[in-house]
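1. I would like to see how this sequence folds:
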Amino acid sequence: MKTLRVLLLSSLCAGALALPVLVPAPRTQAAPPSAPAGPAAAAADCKTYGAGKCCSPDVTMHLSKGAVFAACGQSEASYLGESADKDTCQYHFKVAGQNADETFVQIYSPAAKEVLDKPTDPFMSFKKVGKVWVTDKAKSPKAAAQVAASTGLYLPGRGYFVSVAASTKVCTRQQAVALSKELK
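-> Okay, here's the model as predicted:
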């Protein structure tokens, strides 16, 4: 009986091993190449400003170019391009009579172990509008020029924060407050 089991088991194993040789596998056709995904796709859709490079999707996911266009009244016609550094993206715009290096909306979103619930700055005060902190008043004469030139936004997250500096030449203070609703 034991010999019969061994013979039967070895016959089954030999048959299983021979099956792929005797029965050809169905041919599969390779899928056509698709459009690139992720950062490569974003890079293909990127218009750079000057010698700048394309912004990281990790930064732009917090505030899209389209949201800036809608809230600040800008368009592709006034858009000059983007430039990026680590954890930073700047959208540059053409404003009549202004230097394009100063007419931008900048997003800064680094990873952080400790994230403050509220921004702390000894030179300016902030007020909360919805879930975002917005620059309110300058506490010193030197900071007054900075508060007049740009509106700051701050959104705390888990393991990161988002800080936006919107030039008042591109986005008025009221438009920047509307833009704050688009921060993620």
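2. span of stretch 128-141 from start to end?
-> 23 Å (CA to CA, to the nearest Å).
3. so what's the most centrally placed residue in the chain scoring on pLDDT?
-> With distances taken as CA atoms, centre = their mean, the residue of the chain nearest its centroid is residue 60 (2.3 Å). What the model reports for residue 60 is a pLDDT of 95.
4. now it, nearest residue through space, not along the chain?
-> The shortest distance from residue 60 to any non-neighbouring residue, by CB to CB, 6 or more residues apart in numbering, is to residue 89 (5.7 Å). C-beta coordinates here come from the backbone N, C-alpha and C atoms, glycine included.
5. gap between the residue nearest to the centre of the chain and residue 50?
-> Computed as CB to CB, to the nearest Å, the residue 60 to residue 50 distance reads 18 Å.
6. try residue 134
-> Separation of residue 134 from residue 50 (CB to CB): 29 Å.
7. what about those two, which has more around it?
-> Neighbours were tallied for residue 134 and for residue 50 using other CB atoms under 10 Å; the higher tally belongs to residue 134 (20 against 10).
8. quick one, what contacts the more buried one?
-> Contacts for residue 134 (CB atoms under 8 Å, 6 or more residues apart in numbering) come out as 126, 127, 128, 151, 152, 153, 154, 176, 177, 180.
9. which parts of this structure are strands?
-> Secondary structure of the chain by DSSP state E: the strands cover 79-85, 88-93, 104-108, 124-129, 132-138, 150-156, 161-167.
10. low pLDDT regions in the protein?
-> Low-confidence segments of the chain, defined by pLDDT under 70: 1-44.
11. residues touching the residue nearest to residue 144 when sequence neighbours are not counted, list them.
-> Among residues not flanking residue 144 along the chain, residue 138 sits closest, at 4.0 Å (CB to CB, 6+ apart). For residue 138, the contact set (CB under 8 Å, 6+ apart) comprises 123, 124, 144, 146, 147.
12. top of the residues you listed by number of neighbours, please.
-> Within the contacts of residue 138, most neighbours by other CB under 10 Å means residue 147, with 20 neighbours.
13. need the contact list for residue 75.
-> Residue 75 sits next to residue 69 when contact means CB under 8 Å, 6+ apart.
14. now it: how far from residue 119?
-> Using CB to CB, one obtains 31 Å as the distance from residue 75 to residue 119.
15. circling back: between the contacts of residue 138, which sits nearest residue 98?
-> The closest of the contacts of residue 138 to residue 98 turns out to be residue 146 (CB to CB; 16.6 Å).
16. noted, bye for now.
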